[in-house]
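[1] Need a 3D model of the sequence below.
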Amino acid sequence: LKGFYQQRNVPGVMKTVDVLQTHFSIGASQLRKGLEEVITNTQFKGRWQIIGKNPTVVCDTGHNYSGVQQVMRQIFAQKFNRLFIVWGMVGDKDVKQILELLPKEAMYYFCQARIPRAIDAAALQQEAAAFGLKGEIIADVNEAKRAALSQAGPQDFVFIGGSTYVVAEVEEL
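    Below you'll find the predicted structure:
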């Protein structure tokens, strides 16, 4: 798993292994293999998952204030010319607090996952406009991704996120 914030997750994994050691024998090589193969073993998507290059395309499931804060930190540690963001959220998050974290200089493609809790893409765009975020409404996640890719050059960066459900719908490139 990539991303700066993953460093904060490893101590939790280590503590869990310590607790499990009272009932199971888990060797250092098994722990290492488990950490190295976590995506293969769990099919877990969207933790700073790089799904394309030239332009760089990354998706991440960070969906609450602290998660989005970490994702933005990671984005701005990258080198790119322009930033394109495919963004959708669910209604039980603090939308305004999260939108405040997002960069104004990006081009947005507001979308919505195919679940009842998803915020309507047009409503999300209206809320985002209050924070100076500009972009298009393309409700379907993969259509929004394709639109971003059609505008992005090889040195640009396309980010897909805002909700675990948005990332779950992303078709690999």
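[2] From the centroid of this protein, which residue is nearest?
    Centre of the chain computed as the mean C-alpha position; nearest residue by CA atoms, centre = their mean is residue 60, 1.7 Å away.
[3] List the contacts of it.
    For residue 60, the contacting residues are 3, 46-49, 71, 74, 159-161, 167, by CB atoms under 8 Å, 6 or more residues apart in numbering. Every residue, glycine included, has its C-beta placed from N, CA and C.
[4] worst-scoring helix or strand of this structure, pLDDT-wise?
    helix 38-42 (a mean of 65; mean pLDDT, DSSP states H and E).
[5] what's the helix or strand following that one packed up against?
    Beyond helix 38-42 on the C-terminal side, the first helix or strand identified by DSSP states H and E is strand 49-52. If you count contacts as 3 or more CB pairs under 8 Å, 6 or more residues apart in numbering; DSSP states H and E, strand 49-52 packs onto strand 56-60.
[6] partners of the strand it packs on in the sheet?
    strand 49-52 (antiparallel), strand 157-161 (parallel) (DSSP bridges).
[7] thinking again about what came up before, for the residue nearest to the centre of the chain, name its beta-bridge partners.
    According to DSSP bridges, beta-bridge pairing links residue 60 with residue 161.
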